[in-house]
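Novice: let's see this in three dimensions:
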Amino acid sequence: MNETNNCVYQTIDVKNNDYLTIAQIKHLPQDTFHHISLHNAMSMGYITIKETSESGSVNNILVINESEDSVFMMDGDLLK
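Specialist: Model prediction:
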């Protein structure tokens, strides 16, 4: 197990011949960005969703994050 610049990795295998060396490296997961899911934020009441105009626009909404955390919203998440 090696650590370089706070990046933890493990060398699985190294193959080489006269001209080429190939190393198989496994990156160990790290939680470097704390966030909560959109579902959790909505269920905890941290998210407010509003129309962007009085007339309404199907493709445009305003999402207000009232929590201290970042909220992860993935393409395809349903907003009600």
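Novice: give the contact list for residue 49.
Specialist: By Cβ atoms under 8 Å, 6 or more residues apart in numbering, the contact list for residue 49 reads 61-64, 79. Placement of C-beta: from N, CA and C, glycine included.
Novice: show me the helices in this protein, by range?
Specialist: For the chain, the helices defined by DSSP state H cover 38-43.
Novice: pick out the residue closest to the middle of it.
Specialist: residue 72 (6.4 Å; Cα atoms, centre = their mean).
Novice: just give me the neighbour total for the nearest residue to that residue once chain neighbours are set aside.
Specialist: Leaving aside its chain neighbours, residue 72 sits nearest to residue 35 (4.6 Å; criterion: Cβ to Cβ, 6 or more residues apart in numbering). Counted with other Cβ atoms under 10 Å, the neighbours of residue 35 add up to 13.
Novice: in the sheet, who's paired with residue 35?
Specialist: Per DSSP bridges, the residues bridged to residue 35 are residue 70.
Novice: where's it relative to residue 43, distance?
Specialist: Distance, residue 35 to residue 43, by Cβ to Cβ, to the nearest Å: 15 Å.
Novice: try residue 20
Specialist: 52 Å.
Novice: likewise for residue 69?
Specialist: Using Cβ to Cβ, one obtains 14 Å as the distance from residue 69 to residue 43.
Novice: do the same with residue 75
Specialist: Note on residue 75: its distance to residue 43, by Cβ to Cβ, is 20 Å.
Novice: tell me which of the two has more neighbours.
Specialist: Neighbour totals were compared for residue 75 and residue 43, and residue 43 leads with 11 against 4 (other Cβ under 10 Å).
Novice: count the residues that sit near the nearest residue to residue 39 once chain neighbours are set aside.
Specialist: Distances taken as Cβ to Cβ, 6+ apart put residue 77 closest to residue 39, at 7.8 Å, once the chain neighbours are dropped. Neighbours of residue 77 under the rule other Cβ under 10 Å: 11.
Novice: residue 77 reaches residue 40, doesn't it?
Specialist: No - assessed by Cβ atoms under 8 Å, residue 77 is found out of contact with residue 40, at 11.8 Å.
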